[in-house]
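**Student:** Got a sequence here, can you build the structure:
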Amino acid sequence: QERLVESGGGLAHTGDSLRLSCVLDDGPAFSLSAMAWFRQAPGKEREFVAGISRSGVTTWYSNPVKGRFAISKDSAKNTLDLQMNNLKPEDTAVYYCAADPKRQTPSYDESDYDSWGQGTQVTVSS
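**Tutor:** Modelled structure (predicted):
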């Protein structure tokens, strides 16, 4: 089981950008896993935000973030990033990275993921 550590969250204003990073602290390399970012807003269930294939070639996005967020993976460095542009107050949530070594493409279902980071808070004010 991989151990993941997120960073890069913080306070932003509407229209700002933030970049989240997830690094592998222990476990199978990122090159062996489909990976994703999820988020959980207060009082809501955790939801899929963006995912990237094991190869790092193909990406997926939820409709609320499509065109604003970009996921990328550097398997050589075992890092997963989420570039978030044009942030909105509704992007406020705790963001988690997740890894699934069983699949080549990321699942939208959080229960399919084996490893999670501790989460990083993103707060966007208007």
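**Student:** can you pull the contacts of Gln121?
**Tutor:** 9-10, 93-95 (CB atoms under 8 Å, 6 or more residues apart in numbering). C-beta here means a position set from N, CA and C on the backbone, and glycine is covered the same way.
**Student:** Confirm it sits in a strand?
**Tutor:** Yes: according to DSSP: H, G, I helix; E, B strand; the rest coil, Gln121 belongs to a strand.
**Student:** Tell me how far Thr79 lies from Thr14.
**Tutor:** As for Thr79, its distance to Thr14 is 28 Å (criterion: CB to CB, to the nearest Å).
**Student:** Between the two, tell me which one has more neighbours.
**Tutor:** Neighbour count, other CB atoms under 10 Å: between Thr79 and Thr14, Thr79 has more, with 15 against 12.
**Student:** Double-check the more buried one against Ser31; I have them as touching.
**Tutor:** No: in this structure, Thr79 is not within contact of Ser31 by CB atoms under 8 Å, at 11.5 Å.
**Student:** so where do the strands sit in the chain?
**Tutor:** 3-7, 10-13, 18-26, 34-40, 47-52, 59-61, 69-74, 79-84, 93-100, 115-116, 120-125 (DSSP state E).
**Student:** Give me the contact list for the fourth one.
**Tutor:** What it means is strand 34-40. 20, 22, 46-54, 71, 73, 80, 82, 91, 93-101, 103-107, 110, 113, 119, 122.
**Student:** what are the C-alpha coordinates of that strand, in CSV please?
**Tutor:** The C-alpha trace of strand 34-40 is given here as CSV (Å, rounded to 0.1, in the frame of the first residue of the first chain):
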residue,chain,number,x,y,z
ALA,A,34,-3.8,5.0,-12.0
MET,A,35,-4.1,8.1,-9.8
ALA,A,36,-6.7,10.7,-9.0
TRP,A,37,-7.6,13.7,-7.0
PHE,A,38,-10.8,13.7,-4.9
ARG,A,39,-12.2,16.5,-2.8
GLN,A,40,-14.7,16.7,0.1
